[in-house]
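Student: Structure for the following, please:
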Amino acid sequence: MMDINEIKQRLPHRYPFLLVDRVVELEEGKRILAYKNITSNEDVFNGHFPNTPIFPGVMIIEAMAQAAGILGFVTENKFADENALYLFAGVDGVRFKKQVIPGDRLMLEAEIDSVKRTIWRFKCRATVEGELACEATILCALKTS
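Tutor: Numbering: from 1, shown residues only. Here you go, the predicted structure:
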């Protein structure tokens, strides 16, 4: 549904911090399903952890937030170069259930829970092969200039 070039039009992130590889489903104003392929050559594995590589939980949260950001940008018909950003406003109810390791495809799901003025609330989940790795409610503030 959306390849890496289209994702880069919606998100301002770039390597090594762009954490969404592809969008496979997107219902404007409702939900998104995207993924991040976890590879052994990710920079983060140089230190987390060299002998037992585990994708950091904070990076999973960031990947979910980026998927949510794409959903928000598409819903608002905004692009990354239009002086608009989705900024973290909060993360609630975070739970980690499974380690994410090289070779995994991290599926990222975000659903719009509510929008009040410029504050968006997303219900997010990250799964690997159908098994829950992380869930959280992510709050984002839409900043435009």
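
Student: Please tell me how far the nearest residue to His48 once chain neighbours are set aside sits from Cys134.
Tutor: Once flanking residues are discounted, His48 sits nearest to Pro56: 5.3 Å by Cβ to Cβ, 6 or more residues apart in numbering. All C-beta spots, glycine's among them, are computed from the backbone N, C-alpha and C. For Pro56, the distance to Cys134 equals 11 Å [Cβ to Cβ, to the nearest Å].

Student: Which one of those two is surrounded by more residues?
Tutor: Comparing Pro56 with Cys134 by other Cβ atoms under 10 Å, the one with more neighbours is Cys134, at 22 against 15.

Student: Mind listing the residues bridging to that one?
Tutor: Counting by DSSP bridges, Cys134 is bridged to Phe96, Ala126.

Student: The helix or strand hosting Lys143 - contacts with which helices or strands?
Tutor: If you go by DSSP states H and E, Lys143 is part of strand 131-144. Judged by 3 or more Cβ pairs under 8 Å, 6 or more residues apart in numbering; DSSP states H and E, strand 131-144 is in contact with helix 57-75, strand 84-96, strand 105-116, strand 119-128.

Student: Against Gln99, how distant is the residue nearest to His48?
Tutor: Pro56 is 10 Å from Gln99, by Cβ to Cβ.

Student: do Phe79 as well
Tutor: 35 Å.

Student: Report the separation between the nearest residue to Gly103 once chain neighbours are set aside and Arg117.
Tutor: Spatial nearest neighbour of Gly103, chain neighbours left out: Ile38 (6.8 Å); criterion: Cβ to Cβ, 6+ apart. Relative to Arg117, Ile38 is positioned 36 Å away (Cβ to Cβ).

Student: More neighbours: the two, which one.
Tutor: Counted by other Cβ under 10 Å, Ile38 and Arg117 do not tie: Ile38 has more neighbours, with 24 against 7.

Student: Who are the contact partners of the more buried one?
Tutor: By Cβ atoms under 8 Å, 6 or more residues apart in numbering, the contact list for Ile38 reads Phe55, Val100, Ile101, Pro102, Gly103, Asp104, Arg105, Leu106.
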